[in-house]
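> when you get a sec, could you give me coordinates for this:
(2 chains)
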Amino acid sequence: MKVFWMKLVNYRQYRGENLIEFSVSEDRPITIIQGTTGAGKTTVLNAMYWCLYGEEPSYHETTDGVAPICNRAAMAESKATVEMSVELAFGETEPKYFFKRKLMVWNLDKVQPSREVIRENLPVSKSERETTIYVNENLRGTVNFDAWTKERRGDVFTEAPDYLVDNILPHELAFVFFFNGEELKEFFQKKNKFGQALNDISQITLVNRAIDQLDAVGTDLRRQASKGSVNTEALSQELDQIERTLGEKRSSKERLEGELGDLNKKLDQIDSELKALNIDRVSHLVESRNDAVRRGSELAKDYQVLCDERNKLLLDTAPPVYLGKQIAFTLSKISEFDQRGKLPPPIRTVFLKDLLEKGSCICGRSIAEHDASSARQHIQRLLEEEASDEAVSFKALDGRFKLEAILNSSREGITNLIAVGEKIADKEAAMIQADEKAKSVGKELAQYESPGASAEDLTEKVRSLQSIRSEVEKAKTDALSDLGGDKRDIERLEDGLKDQKRALDREVAKNAKNAVVKERWEFAKQSLEILTKIRDDMVSEVRNEIQKAADSHFRELVWKTTNLERKAGEQSLIDPGKLQQVKIGDDNEISVITRDGENWIMSLSQGETQTLAYSFISALKEGAKVVFPMVVDTPLGIIDEGPPRELFADLLPDFVKDTQLIFLMTSAEYTPAVKRILAEKVGRTYRLEYHLEDGATKVKELA
Amino acid sequence: MSGLPFTLNPRVVAMLKGLPEGPEKEFLTELMKYEIERHSGERAEKRFKDDLMKLVEKYTEEGRGKA
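All right, here's what the predicted structure looks like:
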């Protein structure tokens, strides 16, 4: 699916009507829209998104009123109403699907005879799909969304435009096709967001909804099946309570994870502001604090791995250590038997059996079965006497080996435990050191005295930023602690839930009165298990596919990035030759693993990180199996100017092959060198011209 | 299964197809059809749970018959 054109009418800075026709050529799939900051590049992305989904990804204030979204000058000029709209045309070889979202703004101050009359008579559609109302004090607006297809006999309007959009590009997949290049890195560093992306790419929304519904029906059936018995009713109520608490804890965990993301963003923001003050000492301190925090977080991960190892060793070693005395006592008893000649080995029995089998003694005398000689009877009697002793001796022998092995393994376990304990202590010490380093930076910044001119001003700024940072850090520590608590509670409640369900199952089974309902409940449970497994298998399949594709893209492209950055004087900490695998962990954490088992994720340069981010977006696009144009705001903004940026421009089309691309770029990004590099791929170029005098942007196509 | 529209992920369709024959397979296929109908607005949201309960009753019954 390609986008052919977009028509903007009075949308934010775009006053009146503006038409942008996109390049749809296979050979030249790129359209460049170039403009200075504030000219309306991001607005182009927002407008496309708003037209399709009724919301703007980069702004959040639209629900507060219609004013921000509708061109202010057009509103000021209007008598009572202004029309604002965005129209898009999609198709394969020619425009076939058309979408138009229109906002009619009513300025209640200018309306006659009275605002009350208008308020009462404003058209409000009964269908939520088609109309939304924005309200604020003086303005009111109605939004209409239409979609139609161009068939032979003319326009055919669709009854459910959202459904048509969903079939072209489901809302949950839109983030892969509309994004800001500068924010891409953050997206992949947030495992919650990335985990959500994996779910979205798997398109399991319908399956998840079916799971929720089936779960709800199962709960109803369980309640019905529990009726009539005091025990089952009580257990069912307790189960409900556990489920409710678990739901609350999960929501709280989700909220805290979101909060932590925001707090981390705030910390990054403050650091950027501190560095932007251009004071060498301050920038150095900020960097060294970041290093210490990074080191601390790597150490914390290693620490956790070691703690898990210690716990496992403890579980394996503790029982034999606890029973050490008893084991030693048993072994000494076995030795006593051994010394008394009872043990080992039972050669006599084997020897006697052999003689009876052969039917002749070593002296040559016949002791065959048919002879029934006294010699044969004697040997048989000896064998019976030995039999009881033999069983004991075999067990004792076997036991001795086992017990000795257990004692040895417990000795080995203790040695390992001591070694792991020492490593844990080392990590703890290193963590404390990293933490102290970060704190000392905070302390120095809090007491910072700026030398030189405008010293007071700078001192005040540094101190005030540090003071805000300390508050944010404290909030982060609190959130982390609460999150830890929630995670532990969730684990405990999940275990409790399983036990409670088992107990209820047992009780309901005793209650034969509700056999039919119970049968239905069993059926719903069984079906729910199957559907949940389908969902989990699918997510895991998609995760593996994305991992494989991202790994392959990164391998192919990181060489170029690293080499060029080195040439440009950047100090790269990685050696692409040692790359083993780009990995998505079970917790959705992305790591870049070397052949030595190290994780490079923290050592990647900006260009390498961006290469990784684009490798993932590319893999997600392939995984989504949707053909749709990609609209990228500031695709090169984060890459250093000069050769790295030029190299990245060269790589950009490689990340997303066979895709229509719309790049929204600043002049600093779309330099003459970048322009030369992309020249053969670019089909259309526009410049956004912002006119101060009328506060509006005009779109101008460049030759 | 052939009646399922393309909005259902082909992976889910394949996994449902791969299930052993039985009432659970038929039930889950029907359930996914219901979900698609609800998603497209053809099936009323309000009645959905009741519809689903009836579906559970129907296939439990069918399972008993086959057993």
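
> tell me which residues in the helix-or-strand element of chain B with minimal mean pLDDT are buried?
Ranking every helix and strand in chain B by mean pLDDT, DSSP states H and E puts helix B:10-17 at the bottom, with a mean of 82. Going by neighbour count (16 or more other Cβ atoms under 10 Å in any protein chain shown), the buried part of helix B:10-17 is B:11-13, B:15-16. Backbone N, C-alpha and C define where each C-beta goes, glycine included.

> adding distance to chain A, write those residues out as a markdown table.
What follows is these, written out as a markdown table (distance: Cβ to the nearest Cβ, whole Å):
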| residue | distance to chain A |
| --- | --- |
| B:11 | 5 |
| B:12 | 6 |
| B:13 | 10 |
| B:15 | 5 |
| B:16 | 7 |
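
> could the residues you listed go into a markdown table alongside distance to residue A:621?
A markdown table is the format used below for those (distance: Cβ to Cβ, whole Å):
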| residue | distance to residue A:621 |
| --- | --- |
| B:11 | 17 |
| B:12 | 20 |
| B:13 | 22 |
| B:15 | 23 |
| B:16 | 26 |
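
> next secondary structure element downstream of the least confident helix or strand of chain B?
Next along the chain after helix B:10-17, taking DSSP states H and E as the criterion, comes helix B:23-39.

> where are the low-confidence patches of chain B?
Along chain B, segments meeting pLDDT under 70 span B:1-8, B:66-67.

> avg pLDDT for stretch A:628-638?
Averaged across stretch A:628-638, pLDDT comes to 89.

> give me the three-state assignment for residue A:156.
strand (DSSP: H, G, I helix; E, B strand; the rest coil).

> surely it and residue A:149 touch.
Yes. Between residue A:156 and residue A:149 there is a contact under Cβ atoms under 8 Å: 5.2 Å.

> more crowded one of the two?
Set residue A:156 next to residue A:149 and count neighbours by other Cβ atoms under 10 Å in any protein chain shown: residue A:149 wins out with 15 against 11.

> other SSEs contacting the helix or strand where that one lies?
Using DSSP H and E, residue A:149 falls within strand A:139-151. Applying 3 or more Cβ pairs under 8 Å, 6 or more residues apart in numbering or on different chains; DSSP states H and E, one finds that strand A:139-151 contacts strand A:97-107, strand A:131-135, strand A:154-157, helix A:161-168.

> give the buried residues for that strand.
Residues of strand A:139-151 classed as buried: A:139-148 (neighbour count, 16+ other Cβ under 10 Å).

> so what's the gap between it and the chain middle?
The chain centre lies 35 Å from the centre of strand A:139-151; the measure is Cα atoms, centre = their mean, to the nearest Å.

> pull it out as PDB, backbone CA atoms only.
Listed next in PDB are the C-alpha coordinates belonging to strand A:139-151 (Å, rounded to 0.1, in the frame of the first residue of the first chain):
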ATOM      1  CA  LEU A 139     -15.000  26.400  21.400                       C
ATOM      2  CA  ARG A 140     -16.800  23.300  20.400                       C
ATOM      3  CA  GLY A 141     -16.100  21.000  17.600                       C
ATOM      4  CA  THR A 142     -17.500  18.000  15.800                       C
ATOM      5  CA  VAL A 143     -15.200  15.500  14.200                       C
ATOM      6  CA  ASN A 144     -16.300  13.400  11.300                       C
ATOM      7  CA  PHE A 145     -14.300  10.500   9.800                       C
ATOM      8  CA  ASP A 146     -15.100   9.200   6.300                       C
ATOM      9  CA  ALA A 147     -13.600   6.600   4.200                       C
ATOM     10  CA  TRP A 148     -14.500   5.700   0.700                       C
ATOM     11  CA  THR A 149     -13.100   3.600  -2.200                       C
ATOM     12  CA  LYS A 150     -13.100   4.600  -5.800                       C
ATOM     13  CA  GLU A 151     -14.900   1.900  -7.700                       C
END
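
> strand partners of it, parallel vs antiparallel please.
Partners of strand A:139-151 in the sheet, by DSSP bridges, are strand A:97-107 (antiparallel), strand A:131-135 (antiparallel), strand A:154-157 (antiparallel).

> what's the burial count for residue A:440?
14.

> relative to residue A:450, how far out is it?
From residue A:440 over to residue A:450 the distance is 19 Å, taken as Cβ to Cβ, to the nearest Å.

> where's residue A:677, which helix or strand?
In this structure, residue A:677 sits in helix A:672-678 according to DSSP H and E.

> how far does that helix sit from the chain's center?
With Cα atoms, centre = their mean, you get 35 Å for helix A:672-678.

> now for it, which elements pack on it?
helix A:643-655.

> after the helix it packs on, next one along is what?
Sequence-wise, the next helix or strand downstream of helix A:643-655 (DSSP H and E) is strand A:661-665.

> given that next one, what are its sheet partners and their directions?
Here strand A:661-665 has these sheet partners by DSSP bridges: strand A:30-34 (parallel), strand A:630-633 (parallel).

> mind listing residues that contact that strand?
A:3, A:22, A:29-35, A:41-42, A:44-45, A:629-636, A:652-653 (Cβ atoms under 8 Å, 6 or more residues apart in numbering or on different chains).

> again, 7 Å this time
Here strand A:661-665 makes contact (Cβ atoms under 7 Å, 6 or more residues apart in numbering or on different chains) with A:22, A:29-34, A:41-42, A:44-45, A:629-636.

> mean confidence (pLDDT) on the strand holding residue A:149, please.
Strand A:139-151 comes out at a mean pLDDT of 80.

> longest helix of the chain?
Answering for chain A, as no chain was given. Ranked by number of residues, the top helix in chain A under DSSP state H is helix A:374-446.

> sorry, I should have been clearer: chain B.
Looking across chain B with DSSP H, the single longest helix is helix B:48-66.

> that one versus helix B:23-39: what angle between them?
On the basis of axes from the mean of the first three to the mean of the last three Cα atoms, to 10 degrees, helix B:48-66 is oriented at 160 degrees to helix B:23-39.

> quick one: helix B:48-66 near chain A?
Yes. Using Cβ under 7 Å from any Cβ of the partner chain, we find that helix B:48-66 touches chain A at B:48-49, B:52-53, B:56-57, B:59-60, B:63.

> just name the closest of the residues you listed to residue A:484, please.
When the residues of helix B:48-66 next to chain A are ranked by distance to residue A:484 (Cβ to Cβ), residue B:49 comes first, at 36.8 Å.

> next, count neighbours for that closest one.
Neighbours around residue B:49, by other Cβ under 10 Å: 13.

> coming back round to it: now, of the residues of helix B:48-66 next to chain A, which are buried?
In terms of neighbour count (16+ other Cβ under 10 Å), the buried residues within the residues of helix B:48-66 next to chain A are B:48, B:52-53, B:56-57, B:59-60, B:63.

> and of those, the nearest to chain A?
Nearest to chain A among those is residue B:60, at 4.3 Å by Cβ to the nearest Cβ.

> these two touch, right, that closest one and residue A:523?
Yes. At 4.3 Å, residue B:60 counts as touching residue A:523 under the criterion of Cβ atoms under 7 Å.

> so what's the nearest residue to residue A:599 once chain neighbours are set aside bridging to?
Take residue A:599 and drop its neighbours on the chain: the residue closest to it by Cβ to Cβ, 6 or more residues apart in numbering or on different chains is residue A:591, 4.5 Å away. With DSSP bridges as the criterion, residue A:591 is bridged to residue A:583.

> for residue A:591, what are its contacts?
Applying Cβ under 7 Å, 6+ apart to residue A:591 gives the contacts A:583, A:585, A:599, A:601.

> most neighbours among those, which one?
Within the contacts of residue A:591, neighbour counts (other Cβ under 10 Å) peak at residue A:601, which reaches 18 neighbours.

> pretty sure that residue sits against residue A:592.
Yes. At 5.2 Å, residue A:601 and residue A:592 qualify as touching, with contact defined as Cβ under 7 Å.

> the stretch 151-300 of chain A against chain B: which residues are in contact?
Counting by Cβ under 7 Å from any Cβ, the stretch 151-300 of chain A comes close to chain B at A:160, A:163, A:167, A:202-204, A:206-207, A:209-210, A:213-214, A:216-217.
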